[in-house]
Structure formats: structure tokens, C-alpha cells
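Asks: 3D, please:
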Amino acid sequence: MLRRRQRHPSLRTKRKKFAGHLGFVRSFQCLIADHHKCESPVDPHHLQDGFTADIPMSEWPGIGKKAHDKWTVPLCRLAHEEIQHVIGHKPFEEKYGLDLMAIARELQQRSPFRKQWE
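Replies: From the prediction side, this is the model:
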């Protein structure tokens, strides 16, 4: 019979959450709203796969972990599904002519909650 491995509680690090900034990101329309009809709510998409080289090492999430909340962009659920489960980040950028890291950085600068992580 298989047993689950027990992890030492001190080895788990809790990711800081910034709900205010996520709400700020949700206040924007989907990045690809001009390309399709967005009928679902906008969700903040955490940039990770393929972008870790552009994120400072101190904020790198590690394998299987979600990136810092400040590295998010607004996507509807359909776009979120496409980027995460169908084509991936780089092909998504090429298909829609976007620079997701630049957009995430602009949102960071405009966020009224940026002082929380500075």
C-alpha cells in the first residue's frame, strides 16, 4: 500500500498574497478582448512558465508554485485556459502581439497597492 510522504512543517513557505493588487488587476478588461468575446469574469493570470528568467530570483516561485501576485495580468477564463493549457505563454504572446512581462510591470507601477511589496 502506498503511503503519503510526511513533510516537515517548517519546510513549507507560505506565499504572500496581495488581494488588493489582484482586485486592481481584475478591474481591467481581458488583454485579448479585442480578439474574442469575453463572457466570463477576468482573473489575474500569474506569469510563470518561461518567464522566470525575467522575474528577480528572490521572487522566483520555484517548480510547481504560483508566482508572486504582482506578476499578474488580466485574462478572461477562455484566455486563461488557452494560455495555461493549450498553447503556452510564448505562443500566446506571439499570437496576440503582447508582451506580458511589460504589461505586468506597468500594472505594478500603476497599482495603488505596490507599497505593500516594495
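
Asks: From now on I want contacts and neighbour counts done on CA atoms only, so please keep to that.
Replies: Noted.

Asks: which residues in this structure form helices?
Replies: Secondary structure of the chain (DSSP state H): helices at 19-26, 77-81, 89-96, 100-110.

Asks: so where's this structure shaky on pLDDT?
Replies: 1, 5-15, 49-66 (pLDDT under 70).

Asks: Nearest residue to L98 in space, please, no chain neighbours.
Replies: Nearest residue to L98 in three dimensions, chain neighbours excluded: F92, at 7.9 Å (Cα to Cα, 6 or more residues apart in numbering).

Asks: Might you report the residue contacts of that neighbour?
Replies: 82-83, 98 (Cα atoms under 8 Å, 6 or more residues apart in numbering).

Asks: Quick one, which of these are buried?
Replies: Buried subset of the contacts of F92 (neighbour count, 16 or more other Cα atoms under 10 Å): I83.

Asks: Reformat the contacts of F92 as CSV; add distance to I32.
Replies: CSV is the format used below for the contacts of F92 (distance: Cα to Cα, whole Å):
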residue, distance to I32
E82, 11
I83, 11
L98, 9
